[in-house]
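J.: Coordinates for the following, if possible.
(chains A and B)
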Amino acid sequence: MALVTVLRQGPRRPGVDYTDGYAVVAVDLDEQDGLRLAGGVVGTPASDVAIGDRVQVVIRRDEGSAPRVGFEVVR
Amino acid sequence: MTGPRRSPARDQVAIVGVGRSPYSRSRTDVSQGGLVAEATVAALRDAGLGAEDIDGICGSGVAAQWVQAALGIPAVSWFANPAMVIGNQIVAAVAAVHSGMCDTALVYHHGYRMPWSSRSAASDPMRRTAGLGLAGASSGWGTGHVDAGPDSLALAPAYAAWAGYYLHTYGYTREALGRVALNSRTNAASNPDAVYRDPLSMADYLEGRMVRDPLTVYDMDVPVDGADAFVITSVERARDLPHPPVLVHAATLGHTDYGSEEQLRDLDHAGQVVAAERLWAKSELTLPDVDVFFPYEGFSNIALTWFENVGYCDRGEGGRFVEQHWIDDEQRILVDGRIPVNPHGGSLSEGGTQGAGHLREACLQLRGAAGTRQVDGVQVALVTPGGYYFNAQAILLRSDD
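T.: Numbers count the residues shown, from 1 in each chain, chains lettered A, B, ... in the order given. So this is what the prediction gives:
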């Protein structure tokens, strides 16, 4: 995980809850040098997300929203 | 990248007029074009010129043709609408005047609260549908982002992410960002046109509402409705006009590969590095010649890296440099006890027009016309608008000796 911010407010979207912050991150993928993706973090409180964490790409399928890339922290 | 660079336009083109609309937190009765009209008319009057004297137009959002019609400018031989921010317009206009595409150019930029920058604008049906006249309101720079929503680092969230990266990588607490905000607020007290002039303490700052970690409301430029305008012409013509000419000594843009928000590799590959290196390579002046410094601080962390990239200190030392040059009694930065930083209050307190206010203040300081905030003996001003990816710019201005 190369970059992390926590959004405290923003537009509404299914699967996005700003109450305790919504972590959005940029991730350098192991699969290809220089390939970086951005997306939201699911399954981990925003306060526990930090630069350097390892994550796994997931495809999120929230009702009312198009499928999109997200990340789960791997501990 | 090192070594001198060609600079045939050096000191050949001057800023001879400056004008502004008032900046306001909310002027819902005035359109973007109306704001630009106010600023451009003021700039023409300031320059002692009329519509018939203008033959080039260059601005952000609002189309050059619209401005030409609004002001009744009879004929132009050059116009352009580069994307914001103001350095793009300045570089284009300097090149156009120096090359003879036009003789005298009218340059403008408007800050206008858009749905992505202002909650009240987002609730205004008119503004929800108002684009910037660019690639689309969700992708103001046309860099390819199709999602400005909460799963993206497009635009503002990326600056928060890079601010977090800066604190994390170089070992800072939020006080490093806070000093940038306090400096702007302290200086804004001397600017009657600034929208925020009340004192801000570090305790107030640290308790500020967090918007995108680690940036609070105090770290992000205050959305305003407002516009600035400039008149640019050859130095020969400038010397016949009412105000002392402000010479454009050098002006650069900077961009790198992987130059978009989340793709930037690190801060050594930011556009700021290129803009600053090329600026000095085109200059006869050096950093110690600078009498007043205008690092853009639309996000507070951007200013810290400008200190690094223009050469005041090494990478990652911007926060410590500011701390070392912090005047506690005055609650502001004076580099070497001498050089004020954003004396007008910057984007954080005067109002956010993406660097146009910084450029206007630099011109006023060089004219000796900055009122109670005039810095003694200003001969050289360094203005560095923009951030890390698609809008890093540097402009070195000098008085005409």
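
J.: So what does the residue in chain B sticking out farthest from the centre look like in phi/psi?
T.: Of all residues in chain B, B:P74 sits farthest from the chain's C-alpha centroid, using C-alpha atoms, centre = their mean; the distance is 29.9 Å. Note on B:P74: its backbone torsions stand at phi -60, psi -40 [degrees, to the nearest 10].

J.: dump the residue contacts of it.
T.: Counting by C-beta atoms under 8 Å, 6 or more residues apart in numbering or on different chains, B:P74 touches B:A51, B:E52. Placement of C-beta: from N, CA and C, glycine included.

J.: Do you know the pLDDT at it?
T.: Note on B:P74: pLDDT of 98.

J.: and what of the one 10 residues further on?
T.: Predicted confidence (pLDDT) for B:M84: 85.

J.: which phi and psi does it have?
T.: When read as degrees, to the nearest 10, the backbone of B:M84 gives phi -60, psi 160.

J.: burial count for it?
T.: When neighbours are defined as other C-beta atoms under 10 Å in any protein chain shown, B:M84 has 26 of them.

J.: gap between it and B:A238?
T.: Relative to B:A238, B:M84 is positioned 26 Å away (C-beta to C-beta, to the nearest Å).

J.: Please apply the same query to B:A227.
T.: Distance of B:A227 to B:A238, given as C-beta to C-beta: 23 Å.

J.: With neighbour numbers in mind, choose between these two.
T.: Applying other C-beta under 10 Å to B:A227 and B:A238 shows that B:A227 carries more neighbours, namely 33 against 24.

J.: Name every strand pairing with the helix or strand harbouring the more buried one and say which way it goes.
T.: Using DSSP states H and E, B:A227 sits in strand B:226-234. In the sheet, strand B:226-234 lines up against strand B:13-20 (antiparallel), strand B:104-111 (antiparallel) (DSSP bridges).

J.: Quick check: which of these is buried the most?
T.: strand B:104-111 (a mean of 29; mean count of other C-beta atoms under 10 Å in any protein chain shown).

J.: Just want the most central residue of chain B.
T.: Residue closest to the average C-alpha location in chain B (C-alpha atoms, centre = their mean): B:G355, at 1.3 Å.

J.: neighbours around the nearest residue to that one once chain neighbours are set aside, how many?
T.: Counting by C-beta to C-beta, 6 or more residues apart in numbering or on different chains, B:G355 lies nearest to B:P385, which is 3.0 Å off, once chain neighbours are set aside. As a burial measure, B:P385 scores 31 neighbours (other C-beta under 10 Å).

J.: Do I have it right that B:P385 meets B:I302?
T.: No. B:P385 lies out of contact with B:I302 (C-beta atoms under 8 Å); the separation is 9.5 Å.

J.: Please enumerate the shared neighbours of the two.
T.: Jointly contacting B:P385 and B:I302 under the rule C-beta under 8 Å, 6+ apart are B:Y296.

J.: ok, now how distant is the residue lying farthest from the centre of chain A from chain B?
T.: Going by C-alpha atoms, centre = their mean, the residue of chain A most distant from its centre is A:D33, 19.8 Å out. Distance, A:D33 to chain B, by C-beta to the nearest C-beta, to the nearest Å: 11 Å.

J.: can you confirm that residue is in a helix?
T.: No. Using DSSP: H, G, I helix; E, B strand; the rest coil, the assignment for A:D33 is coil, not a helix.

J.: still on that earlier bit, dump the strands paired with strand B:226-234 into a markdown table; add distance to B:A47 and mean pLDDT as well.
T.: Conversion of the strands paired with strand B:226-234 to a markdown table gives the following (distance: least, C-beta to C-beta, whole Å; pLDDT from 0 to 100):
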| stretch | distance to B:A47 | mean pLDDT |
| --- | --- | --- |
| strand B:13-20 | 3 | 98 |
| strand B:104-111 | 8 | 95 |
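
J.: where does chain A come near chain B, residue by residue?
T.: Residues of chain A found near chain B (C-beta under 8 Å from any C-beta of the partner chain) are A:2-11, A:13, A:16, A:21-22, A:24-26, A:34, A:36, A:38-40, A:50-51, A:68-70.

J.: Filter those down to the buried ones and express that as a ChimeraX selection.
T.: In ChimeraX, this line selects whichever of those come out buried by 16 or more other C-beta atoms under 10 Å in any protein chain shown:
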select /A:2,3,4,5,6,7,8,10,13,16,21,22,24,25,26,36,38,39,40,51,68,70
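
J.: re earlier: next up, the contacts around the residue nearest to the centre of chain B.
T.: Each residue near B:G355 by C-beta under 8 Å, 6+ apart is listed here: B:V85, B:I86, B:G87, B:H109, B:Y296, B:G298, B:S347, B:V383, B:P385, B:G386, B:Q393.

J.: Which ones among these lie within strands?
T.: Within the contacts of B:G355, residues falling in strands by DSSP state E are B:H109, B:V383, B:Q393.
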